[in-house]
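1. Here's my sequence, what's the structure:
(one chain, ligands or ions: 1)
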Amino acid sequence: MKKDIRNRADIQQLIDAFYTRVRSDETIGYLFNDVAKVNWEQHLPRMYDFWENILFQTASFKGNPMVAHMQLHQLSPLNAAHFDRWLLLFKATVDELFEGDMAELIKQRALSIATMMRIKVLTANDPKSII
Ligand code: HEM
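-> Residues are numbered from 1 along each chain as shown. Coordinates of the predicted model:
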């Protein structure tokens, strides 16, 4: 039986495993590696803060994810397939490492934030688009 996500160390394990997949992914890897040229030493701790705040209300994350992704979309257009792939990798990583209420909750939150982000980003400059 796998354990549930209980603390920041577990979130760190999850996020490190997720971005290891993301970085070498054929569909979305280039957005991180070549377009945003992510500084991972800075980005990973921000992502631990983001998810720790969502699961455990630590209020440690100070950032604006919507703006970050709007900017990315200006540099290189995002599409529905990118969001689908991101979510699939996220869910697969959670399921590989954890199970339990928090594991379910983090997948639900990822889905709802990704859905909102996708609508905002993909309709930002196209009032006719329905998604
Ligand atoms: C198409 C899917 C996605 C792509 C390609 C993507 C890519 C990126 C990139 C390139 C950055 C900037 C990293 C940097 O320069 O340091 C970023 C930041 C971030 N992403 Fe995503 N992302 C995606 C979906 C999501 C989703 C669904 C979530 C949340 C559920 C999320 C949460 C965040 C957060 C919290 C940040 C940090 C924002 C900040 O520092 O203010 N991303 N993302």
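2. Neighbours of Ser112, how many?
-> 10 (other CB atoms under 10 Å). C-beta here means a position set from N, CA and C on the backbone, and glycine is covered the same way.
3. which secondary structure element contains it?
-> Assigned by DSSP states H and E, Ser112 belongs to helix 101-123.
4. what comes up buried for that helix?
-> Neighbour-count burial for helix 101-123, counted by 16 or more other CB atoms under 10 Å, picks out 102-103, 106-107, 110, 114, 117-118, 121-122.
5. Need the residues you listed in CSV (columns: distance to the ligand).
-> CSV is the format used below for the buried residues of helix 101-123 (distance: CB to the nearest ligand atom, whole Å):
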residue, distance to the ligand
Met102, 15
Ala103, 15
Ile106, 9
Lys107, 10
Ala110, 5
Ala114, 3
Met117, 5
Arg118, 8
Val121, 8
Leu122, 10
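6. which one among the residues you listed gets closest to Ile15?
-> Ile106 (10.3 Å; CB to CB).
7. Please name the residues that touch the closest one.
-> The contact partners of Ile106, by CB atoms under 8 Å, 6 or more residues apart in numbering, come to 5, 14, 51, 54-55, 94.
8. Of those residues, which is the most crowded?
-> Ile5 (25 neighbours).
9. dump the residue contacts of that one.
-> Applying CB under 8 Å, 6+ apart, the residues contacting Ile5 are 11, 14, 55, 98, 100, 102-103, 106.
10. Check what pLDDT it gets.
-> Note for Ile5: predicted pLDDT of 98.
11. does it sit in a helix or strand, and which one?
-> Here Ile5 is assigned to no helix or strand, by DSSP H and E.
12. What's the separation between it and the ligand?
-> 15 Å (CB to the nearest ligand atom, to the nearest Å).
13. Any idea how many residues pack against the residue of the chain found nearest the ligand?
-> Relative to the ligand, the nearest point of the chain is Gly63 (2.5 Å; CB to the nearest ligand atom). Neighbourhood size, Gly63 [other CB under 10 Å]: 11.
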